[in-house]
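> Okay, predicted coordinates and the sequence, questions at the end:
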Number of protein chains: 2
Amino acid sequence: MVNSPRSVPENLASRPHVVVIGGGFAGVAVAKGLADQDVRVTIIDQHNFHTFQPLLYQVATAGLEPADVAFPIRTIFGHARNVRFRHGRVRRVDQSRNLVTLGDGSEIDFDHLVIATGAVATFFGVPGASQFAMPLYTLSDARRLRNRLLSVLEETEVRGDSDGASPQLTFVVVGGGPTGVETSGALTELIQIAIKRDGLRLDPARIRVVLVDMAPRLLTGFPQRASDYAKRRLESSGVDVQFGRSVVDIDEHSIHFEDGERVECAAVIWAAGVSAGDALPQDLSSTSGPGGRVRVSADLRLLDSANVWAVGDAAAVPSMDGAFCAQLAPVAIQSGRHCAAQILHVVHGEVTTPFHYHDKGIMATIGRNAAVAELPHGVVVKGRLGWLAWLGLHLWYLVGFRNRLRVFINWTWRYFDWPSGPRLIVADAETVD
Amino acid sequence: MVNSPRSVPENLASRPHVVVIGGGFAGVAVAKGLADQDVRVTIIDQHNFHTFQPLLYQVATAGLEPADVAFPIRTIFGHARNVRFRHGRVRRVDQSRNLVTLGDGSEIDFDHLVIATGAVATFFGVPGASQFAMPLYTLSDARRLRNRLLSVLEETEVRGDSDGASPQLTFVVVGGGPTGVETSGALTELIQIAIKRDGLRLDPARIRVVLVDMAPRLLTGFPQRASDYAKRRLESSGVDVQFGRSVVDIDEHSIHFEDGERVECAAVIWAAGVSAGDALPQDLSSTSGPGGRVRVSADLRLLDSANVWAVGDAAAVPSMDGAFCAQLAPVAIQSGRHCAAQILHVVHGEVTTPFHYHDKGIMATIGRNAAVAELPHGVVVKGRLGWLAWLGLHLWYLVGFRNRLRVFINWTWRYFDWPSGPRLIVADAETVD
């Protein structure tokens, strides 16, 4: 091996050090905004990759591969000589000493610290939920869910052999937000493909996908007609949509509702909510907002802090109407970008400016061929065109410039190739009997 | 969901039942040969996919994704109405009752049984090897090895931070056969790419890949000049090739040789050998040949059996010179095909014919840009053209007709895209501190 290590600018060590905790949309946006500027940046994440979360449901339903939605953080910043990646988990933050401590005990000091730790699935204390319900928030979640879904289909076919009749099979998706809508739509398509292409001997009439929510409609953040459209699309593809249903407890083989009904099911997919508080490092001195999110002032600094910032899902980002921005990818990206600019202002002795969220619309996909979007001024877009627009938009904003073409080709290929794509059960441990 | 289950020919249940244990090259070749013939076939595997083993080393070195080298067995036989897949592990074979028992206790009866169980890594009783050395024979092996290699690179960079100097890092590959040669070549390329593209701050001069073998040359099944070429290519890409080295024991951080030397290393990759015997189901009444392989007569039936057959790596397939065929993919495929034809002969009351292996040459790749092949009549082909020929040949023979174009496009794409491809550490359990 003959390459020498990359040369590093002479004055790098003397620059202000910005530590970013988290390599999600928000953290990556911060680091991108600081790349090749006169600071040095360390981005810390427990995974060595950035996850494109909006498409995790496709990994879970065997439509995309893990590598299609995960991008190594090192590769994203391979060109930026002032950005380093550190693989690890932050355990503690010491604001008085400007120090973070990692899980392996090592300490990293900072001049500025950015909390971009995102959120984790929350089970609202429902008994059995954390043990038996399957969230869909990380790449590991998606892989586990895929293995479970495919294994259940295999086992159910075998059961059908012994007693002659095709067994009943029910999947319950809890939560009618974008993740729940997307997952239940994709799940019905996965089952149809598995029967048609892979020759699974199952009776489609005896397989149910049930989507439940406490609210009286789907996609509560969207206008009513978007919700109605999503419901119609899901029902026409066979999803049983049920409103006003509150989950009381979950065990290995069933889910129990407040009205007393107990539904036998093969898997419960948990898309009911996230908590920012559970994802925060210990000892962070912060004021807690809705969903455990860190309260920040208009320039995204923690209340009463001069050099600690919070962005994305972890932060209760003030919105113009006096409330808080929703936990959405565009908010994460815009707040991350704004934060980077403000840190540079502070470093240069300039005044900071308040963050304003530019709402370019919200969007959810339903299965693989339809999306529903609300654009500004109440415009609602539906159907396959909406889906492609959604993909294009996300690609443009979210993936690094150098990767865009590559990822676009990969996704287009996988999209059209899906019916014959690989539905693999690949676990680290080999557990099949 | 409105599809009805696929219709099944009326007389299927009355046809002779052929049970194939194993969905590797040999088992798939048997089932392909029996597809749409007047038998019914059940192919049993503990994985729901067929693994393209010759490219596992590329998964281990982050060149290909698991989905690139794994094909669901259901999808391969989705068109064949007389072939069923059963996901499970065979525990016992009862030849007197013509019955196999699966790990979940269920029993499957057969008229003909085909043993295509392949082989598993064997550690020759070297202390610590089964615990600390990493084999490369299954897709799980490849994923584990990839996670280990990438994690080690991350950890080593961090260690370099604290004491200033770039730390020493050694990987040892045990075994100079095709797997060892391919893996050590690809590993040096992975390290170079990780430093150049991902900006890992490591000194390439302090990273060693050592390939050791007891024999005095690489690729012992190949002619001498192929071995010499492989050694030159590996050494020019930085691999330290050492002959006549016998491993005494392995622990978590080092490997100990018979001559007394102990080498500190970050990982030991075990490519030293396989055993067929350890992969066989219990209670199989068979005569053991070299490497624990099942002895078979010329028509591939077990000695003294009328309806139990063995093919591929599991079988000691007689060769024309009175010895046994090597455990190679072409032998597996040809013996599987021959076995299917013989089963049909027996079913139709015809006489069986002896198996003859048609040697079309052997081949090994070295890194990503070179291969060495021995064709019949002593012709040796080298270089990048050889690599492409190797790929094309394997594709043609090994992948189902319907998948060929798709897989070829995927591979070509990944091949040229490799430098910016995803080097992900994705484990089922999240273990990073």
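On my side now, so go ahead.
> In chain A, which helix is the longest?
helix A:139-163 (DSSP state H).
> hmm, that helix touching chain B?
Yes - contact of helix A:139-163 with chain B (CB under 8 Å from any CB of the partner chain) involves A:139-140, A:143-144, A:150-151, A:154-155, A:158, A:162. Any C-beta I mention is one placed from the backbone N, CA and C, and that applies to glycine too.
> Quickly find the element holding A:Glu182.
Remark: A:Glu182 resides in helix A:178-196, with elements defined by DSSP states H and E.
> Quick one: distance of the next helix or strand after that helix to the chain centre.
Once helix A:178-196 ends, the next helix or strand along the chain (criterion: DSSP H and E) is strand A:207-212. Chain-centre distance of strand A:207-212: 22 Å, with CA atoms, centre = their mean, to the nearest Å.
> repeat for stretch A:315-333
Centre to centre, stretch against its chain (CA atoms, centre = their mean), the figure for stretch A:315-333 is 16 Å.
> is the following helix or strand past the longest helix of chain A anywhere near chain B?
Per DSSP H and E, the first helix or strand lying C-terminal to helix A:139-163 is strand A:169-174. No - using CB under 8 Å from any CB, strand A:169-174 never reaches chain B; the gap is at least 11.1 Å.
> Around chain B, pick out the residues from the stretch 201-350 of chain A.
A:201-205, A:207, A:237-238.
> And these, which is closest to B:Pro178?
Within those, proximity to B:Pro178 (CB to CB) peaks at A:Arg201, which comes in at 39.6 Å.
> can you pull the pLDDT of the closest one?
pLDDT recorded at A:Arg201 is 85.
> Just the buried residues from the residues of the stretch 201-350 of chain A next to chain B, in ChimeraX please.
With 16 or more other CB atoms under 10 Å in any protein chain shown as the criterion, this ChimeraX line picks the buried residues out of these:
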select /A:202,203,204,207,237,238
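> Need the max-distance pair from the residues of the stretch 201-350 of chain A next to chain B.
Largest separation among those by CB to CB: A:Arg201 and A:Ser237, giving 21.5 Å.
> Give me the mean pLDDT for stretch A:307-322.
Here the average pLDDT along stretch A:307-322 is 93.
> Give the buried residues for that stretch.
Buried residues in stretch A:307-322, counted by 16+ other CB under 10 Å: A:307-318.
> What of stretch A:275-293?
Neighbour-count burial for stretch A:275-293 [16+ other CB under 10 Å]: A:275-277, A:279-281, A:284, A:286, A:289, A:291-293.
> ok, whichever residue of the stretch 201-350 of chain A sits closest to chain B to A:Ile191 distance?
Minimum separation of the stretch 201-350 of chain A from chain B (CB to the nearest CB) falls at A:Pro204, amounting to 3.6 Å. Noted for A:Pro204: a distance of 7 Å to A:Ile191, by CB to CB, to the nearest Å.
> now A:Val426
Shown here: A:Val426 relative to A:Ile191, a distance of 20 Å by CB to CB.
> and if you look at A:Tyr137?
Distance, A:Tyr137 to A:Ile191, by CB to CB: 23 Å.
> Please confirm that A:Val372 is located within a helix.
No - using DSSP: H, G, I helix; E, B strand; the rest coil, the secondary structure at A:Val372 is strand, not a helix.
> How about it, nearest residue that isn't a chain neighbour?
Closest residue to A:Val372 apart from its sequence neighbours, by CB to CB, 6 or more residues apart in numbering or on different chains: A:Ala226 at 4.6 Å.
> Helix or strand for that neighbour, just tell me which one.
Assigned by DSSP H and E, A:Ala226 falls within helix A:224-236.
> So, low pLDDT: which residues of the stretch 301-433 of chain A?
A:367-369, A:394, A:397-407, A:409-411, A:413-422, A:427-433 (pLDDT under 70).
> make it 90
For the stretch 301-433 of chain A, the stretches with pLDDT under 90 are A:304, A:319-323, A:326-330, A:358-433.
> Just list whatever residues bridge to A:Pro135.
A:Trp270 (DSSP bridges).
> Can you give me the neighbour number for it?
Using other CB atoms under 10 Å in any protein chain shown, the number of residues around A:Pro135 comes to 24.
> measure it to B:Glu261 for me?
Applying CB to CB, the value for A:Pro135 to B:Glu261 is 50 Å.
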